[in-house]
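K.L.:
what would the 3D arrangement of this be:
(one chain, ligands or ions: 2)
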Amino acid sequence: MPIQILSPTVAAQIAAGEVVERPASVVKELLDNALDAGATRITVDARGGGIRELRVQDDGSGIAADEVELAFERHATSKLAHTSDLWALQTLGFRGEALPSIASVAQIICITRTAAEEVGTELRIAGGTIQERLTRGCSPGTSITVRNLFYNTPVRRDYLRSESTEMVAITQVVQHTALAYPHVRFTLLLDGRLALQTNGSGDLRDVVVDIYGLETARQLLPVHAEYGAEIDAVQVRGLISPPSVTRSARTAMHLIVNQRVVQARGALAAVVSEAYHTMLMKGRHPIVVLAVDVHPAAVDVNIHPTKAEVKFRDQQRVMSVIGRAVRDALVAGTGVVTWGDGANASELPRRFEVRPAPPPPAPPSSAWGVGDPVWTAQSRWECGCAAAGSAAWA
Ligand SMILES: Nc1ncnc2c1ncn2[C@@H]1O[C@H](COP(=O)(O)OP(=O)(O)O)[C@@H](O)[C@H]1O
Ligand SMILES: [Mg+2]
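P.N.:
Residues are numbered from 1 along each chain as shown. Ligands and ions are numbered 1, 2, ... in the order given. Okay, the predicted model is just below:
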């Protein structure tokens, strides 16, 4: 066959393979977009394993009427203009790939309206081709409905697991995200049944109650430590279970880096597990919700196709701080003396000193620049989003 350039539709379908593996990956991308749009309420509605229909509705900034089509073009993004922006990233998205990828393998209805506009726009797309555009009344925000996922790529569809497995995966994505964003009110409906609802109070423990129940949430120990300043700053906050409260699966390990949910594997998961050292029975895993915040320039978020992994500039130092923070929380919470904290712990070289954080300042009224279409470098890092959130995490 002679060399030829692929048609945009084929190219998009191939690219979609990286971003859209299953319904849960669609949910993750749409949640990221809603959060980047500053949403405070997000509803996810999945039917038929999310294959038949998925809807994510938010009260965020909306998309301007004259930009709706553009949002579905490849490499179209409002979040990044130069490569250097990658090092000051305040948004979850930046590649401009999600919407065109999803649109190339499903039927989409996008209904959106900005607060400045009087009416909204409805755009219907199937297999990457625009079918219809209308003006319609709706409240500010965005609703994206994805129907018949992989209808035009039957092989991909055949690879999907059962509807119930896909529903579990969707639930996990929403749970992870809700734990990373306690200020946002999440609602998850599965085939019309309410599966999860968080109250958006900003209190992490409230979200843990919604997911793991009151009894478990009550037993979790607070983690709160910070080290260094500016580019070297590392803050670790969250809730972890004492060794007596465990799960058989690793799915209760929720790791969040700069408000981005990352996979609980690799160095980050290992350092947390190691902190429990010999305290856990074999095959048991702790419940961990850990938010690590570093300067945006101190982490590379662009190393993984679905951004599920990140790499710290000073990986070893960050891991040290996390390990120490988790161990200190376990010691403080259980009175159990762990490795390195025994009688002669002071003689052991402590590579880094983890100080208890000072009392957090009063949260600004709009810490995350809610309502701004784009978070500026200032809005999330320098205003001390970490600090703003920390009252809730304490
Ligand atoms: N829920 C939403 N609310 C407001 N704007 C949105 C929403 N979803 C998508 N957009 C707009 O569409 C653009 C393209 O989205 P996407 O394909 O996910 O790429 P990215 O998130 O990497 O920018 C975004 O940059 C944003 O401007
Ligand atoms: Mg996106």
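K.L.:
is residue 282 in a helix, a strand, or coil?
P.N.:
Judged by DSSP: H, G, I helix; E, B strand; the rest coil, the three-state class of residue 282 is coil.
K.L.:
the host helix or strand of residue 112 packs against which elements?
P.N.:
According to DSSP states H and E, residue 112 maps onto strand 107-113. Applying 3 or more CB pairs under 8 Å, 6 or more residues apart in numbering; DSSP states H and E, one finds that strand 107-113 contacts helix 68-71, strand 120-126, strand 141-147. From N, CA and C alone the C-beta is placed, and that goes for glycine too.
K.L.:
could I get these as a markdown table with mean neighbour count, mean pLDDT and distance to residue 300?
P.N.:
Output for the helices and strands packed on strand 107-113, formatted as a markdown table (neighbours: other CB atoms under 10 Å; pLDDT from 0 to 100; distance: least, CB to CB, whole Å):
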| stretch | mean neighbour count | mean pLDDT | distance to residue 300 |
| --- | --- | --- | --- |
| helix 68-71 | 18 | 96 | 26 |
| strand 120-126 | 20 | 97 | 32 |
| strand 141-147 | 23 | 98 | 28 |
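K.L.:
nearest to residue 32, out of the ones you listed?
P.N.:
For the helices and strands packed on strand 107-113, distance to residue 32 was read as CB to CB. The smallest value, 11.8 Å, belongs to strand 141-147.
K.L.:
parallel or antiparallel, list what pairs with that closest one.
P.N.:
strand 53-58 (antiparallel), strand 107-113 (antiparallel) (DSSP bridges).
K.L.:
picking that back up, angle of the strand holding residue 112 against strand 120-126?
P.N.:
Counting by axes from the mean of the first three to the mean of the last three CA atoms, to 10 degrees, strand 107-113 lies at 170 degrees to strand 120-126.
K.L.:
can you tell if strand 107-113 touches ligand 1?
P.N.:
No. Using CB under 6 Å from any ligand atom, strand 107-113 never reaches ligand 1; the gap is at least 6.6 Å.
K.L.:
where does the residue nearest to residue 261 when sequence neighbours are not counted land on pLDDT?
P.N.:
Counting by CB to CB, 6 or more residues apart in numbering, residue 176 is the residue found nearest to residue 261 once chain neighbours are left out, at 4.4 Å. Residue 176 is assigned 97 on the pLDDT scale.
K.L.:
would you mind listing what in the protein touches ligand 2?
P.N.:
Taking CB under 5 Å from the ion as the criterion, the neighbours of ligand 2 within the chain are 32-33, 93, 98.
K.L.:
let's see it at 8 Å
P.N.:
29, 32-33, 36, 77, 79, 92-99 (CB under 8 Å from the ion).
K.L.:
can you list these in CSV and add secondary structure, neighbour count and distance to residue 327?
P.N.:
Below are the residues of the chain next to ligand 2 laid out as CSV (DSSP: H, G, I helix; E, B strand; the rest coil; neighbours: other CB atoms under 10 Å; distance: CB to CB, whole Å):
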residue, secondary structure, neighbour count, distance to residue 327
29, helix, 25, 35
32, helix, 20, 32
33, helix, 23, 37
36, helix, 22, 34
77, coil, 18, 40
79, coil, 18, 37
92, coil, 24, 30
93, coil, 20, 35
94, coil, 20, 34
95, coil, 16, 37
96, coil, 19, 41
97, coil, 21, 39
98, helix, 25, 38
99, helix, 25, 43
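K.L.:
if we can go back for a sec, off-centre distance for the strand holding residue 112?
P.N.:
22 Å (CA atoms, centre = their mean, to the nearest Å).
K.L.:
for it, give the mean pLDDT please.
P.N.:
98.
K.L.:
what of stretch 221-231?
P.N.:
Averaged across stretch 221-231, the pLDDT comes to 93.
K.L.:
ok, stretch 279-289 next?
P.N.:
Mean predicted lDDT for stretch 279-289 stands at 91.
K.L.:
stretch 298-316 now?
P.N.:
86.
K.L.:
how about stretch 92-102?
P.N.:
Mean predicted lDDT for stretch 92-102 stands at 90.
K.L.:
of all of the chain, which residue lies closest to ligand 2?
P.N.:
With CB to the ion as the measure, residue 93 is the residue of the chain nearest to ligand 2, at 2.9 Å.
K.L.:
residue 179: what secondary structure?
P.N.:
Residue 179 ends up helix, using three-state DSSP.
K.L.:
that one reaches residue 288, doesn't it?
P.N.:
No. Contact criterion CB atoms under 8 Å: residue 179 and residue 288 do not qualify, at 10.1 Å.
K.L.:
common neighbours of these two, please.
P.N.:
Taking CB atoms under 8 Å, 6 or more residues apart in numbering as the contact rule, residue 179 and residue 288 both touch residue 254.
K.L.:
which of the helices and strands packed on strand 107-113 sits closest to residue 13?
P.N.:
The nearest among the helices and strands packed on strand 107-113, by CB to CB, is strand 120-126 at 12.9 Å.
K.L.:
is the closest one up against ligand 1 anywhere?
P.N.:
No. No part of strand 120-126 sits near ligand 1 under the criterion CB under 6 Å from any ligand atom; the closest distance found is 11.5 Å.
K.L.:
any idea which helix is longest in the chain?
P.N.:
For the chain, the helix that runs over the most residues, judged by DSSP state H, is helix 315-334.
K.L.:
for that one, packing partners?
P.N.:
Going by 3+ CB pairs under 8 Å, 6+ apart, helix 315-334 lies up against strand 221-227, strand 234-240, helix 266-276, strand 288-294.
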